[in-house]
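Student: My questions are about this predicted structure, shown below with the sequence.
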Amino acid sequence: MARIRLFIDHPLSEGQAVPLDAAQAHYLSGVMRLRAGDEITVFNGRDGAWSARLDEAGKRGGSVTALEQTGPQRDPPDLWLLFAPIKKARTDFIVEKATEMGAARILPVQTDHTNSERIRQDRLQAHAVEAAEQCGGTFVPELADLAPLSRLLDGWDASRRILWADEARVGVAEALAGLPRGPWAILIGPEGGFSAAERKRLSGLPFVTPVSLGPRILRADTAAVAALTLWQAALGDWMGS
């Protein structure tokens, strides 16, 4: 049986006692049926993966003790994902897959055709944590609150290029190998696509690169996975340095 992995937002070092909140304690003792003395793997997004011993777990919380580092800290490339929220389950899917595939930051954006006017930031952040726990990662991306795309573009740092998955460019998927490495963001639109005004603005920005994701129009959640795959294979950490 694979060792349980748990994200804990607490410093980790040899012999460090680490508190558990009530939900974590219940998960370990009530759901996974662990007992005092059992070992798990913990990580905090900064100090790598650690073996830890469960000391206690009750209704109000518990604690573990960090024993030794079992893996280094592995941070993803400097890649952000901007996407327009869609239906709840599919938005959850985008957050989970973006975490698994190595997005460093996830930013839901409000576009002219976005159906959702608000998100549960805390719930989506919890999905990112769970995805990191399950995929063996040691990094949890920050989940930003929903913000208008127009406002983000107003204050955008031009040194971070944007890869725009343009649904109007249906055709052969474009190679990204010739693009410069460095800070990037991927932009995925809503189910209804970008408005004419948004398309005009994006097309005129020098730091925006429009790309096709293939010969068929993809659903927003599929487009996010496809774009992350293309970027990671050409410019990210899938190909090494």
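Tutor: Sure thing, it's come through.

Student: Within the helices and strands, which one has the spatially most central residue of the chain?
Tutor: Among the residues of the chain, the one closest to the centroid is residue 99, at 3.1 Å (C-alpha atoms, centre = their mean). Per DSSP states H and E: residue 99 is located in helix 88-100.

Student: where does that helix sit relative to the chain's centre, distance-wise?
Tutor: 8 Å (C-alpha atoms, centre = their mean, to the nearest Å).

Student: Do I have it right that the residue nearest to the centre of the chain meets residue 128?
Tutor: Yes. Using C-beta atoms under 8 Å, residue 99 makes contact with residue 128 at a distance of 4.7 Å. Backbone N, C-alpha and C define where each C-beta goes, glycine included.

Student: In this structure residue 14 contacts residue 67, no?
Tutor: Yes. Residue 14 is within contact range of residue 67, at 7.0 Å (criterion: C-beta under 8 Å).

Student: neighbour count winner among these two?
Tutor: residue 67 (15 against 10; other C-beta atoms under 10 Å).

Student: Point me to the helix or strand that includes the more buried one.
Tutor: strand 61-71.

Student: what sits in contact with each of residue 99 and residue 128?
Tutor: Residues touching both residue 99 and residue 128 by C-beta atoms under 8 Å, 6 or more residues apart in numbering: 106, 140-141.

Student: Tabulate those residues (JSON lines), appending neighbour count, secondary structure and distance to residue 196.
Tutor: Below are the shared contacts of residue 99 and residue 128 laid out as JSON lines (neighbours: other C-beta atoms under 10 Å; DSSP: H, G, I helix; E, B strand; the rest coil; distance: C-beta to C-beta, whole Å):
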{"residue": "106", "neighbour count": "22", "secondary structure": "strand", "distance to residue 196": "27"}
{"residue": "140", "neighbour count": "19", "secondary structure": "coil", "distance to residue 196": "37"}
{"residue": "141", "neighbour count": "25", "secondary structure": "coil", "distance to residue 196": "32"}
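
Student: Report the contact partners of the residue nearest to the centre of the chain.
Tutor: Counted by C-beta under 8 Å, 6+ apart, residue 99 has contacts 106, 127-128, 131-132, 135, 137, 140-141.

Student: again, 7 Å this time
Tutor: The contact partners of residue 99, by C-beta atoms under 7 Å, 6 or more residues apart in numbering, come to 128, 131-132, 141.

Student: Ok, residue 23 next?
Tutor: Taking C-beta under 7 Å, 6+ apart as the test, residue 23 contacts no residue whatsoever.

Student: what about residue 219, neighbour count?
Tutor: Residues lying near residue 219 (other C-beta under 10 Å) number 11.

Student: Model confidence at it, what's the number?
Tutor: If you check residue 219, the pLDDT there is 91.

Student: where's it relative to residue 78, distance?
Tutor: 27 Å (C-beta to C-beta, to the nearest Å).

Student: now residue 69
Tutor: Residue 69 is 24 Å from residue 78, by C-beta to C-beta.

Student: Over to residue 62?
Tutor: 36 Å.

Student: still on that earlier bit, out of everything not next to it in sequence, what's closest to the residue nearest to the centre of the chain?
Tutor: residue 131 (3.9 Å; C-beta to C-beta, 6 or more residues apart in numbering).
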